[in-house]
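Trainee: Build me a structure from this.
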Amino acid sequence: MKAIVHIGLKAGVLDPQGKAVADTLGRMGYGEVEAARIGKVIELDLDDGLSAADAETRVKEMCEKLLANTVIESYRFEISGA
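Mentor: This is a model prediction of the structure:
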């Protein structure tokens, strides 16, 4: 079973790395890019013996405790192979 976790900054949180990417793309001739936000994707391989409900509970706990800084980041995840 696999969990894919997507983490990004919440709306309103400044993203200097995203701004640098958008500015550089503009200078490279990609003027259609108005803004960029940088995030991360984490793939977790989970024990196939977990039920779908248990997998969701455990991945949510992982996100809340370690993977995402929930003060400034939001997250979502998908679980496949459940």
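Trainee: correct me, but residue 1 touches residue 78?
Mentor: No: taking contacts as Cβ atoms under 8 Å, residue 1 lies outside contact range of residue 78: 11.1 Å. C-beta: built from backbone N, CA, C; applies to glycine.
Trainee: Looking at the two, which has the bigger crowd around it?
Mentor: It is residue 1, of residue 1 and residue 78, that has more neighbours when counted by other Cβ atoms under 10 Å, with 16 against 10.
Trainee: State the distance from that one to residue 11.
Mentor: Look at residue 1 and residue 11: by Cβ to Cβ, to the nearest Å, they are 31 Å apart.
Trainee: This protein: strands as residue ranges?
Mentor: Counting by DSSP state E, one finds strands in the chain at the ranges 2-9, 39-45, 73-80.
Trainee: Would you mind putting those strands into CSV with mean pLDDT and distance to residue 31 alongside?
Mentor: CSV is the format used below for the strands of the chain (pLDDT from 0 to 100; distance: least, Cβ to Cβ, whole Å):
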stretch, mean pLDDT, distance to residue 31
strand 2-9, 98, 24
strand 39-45, 98, 23
strand 73-80, 97, 29
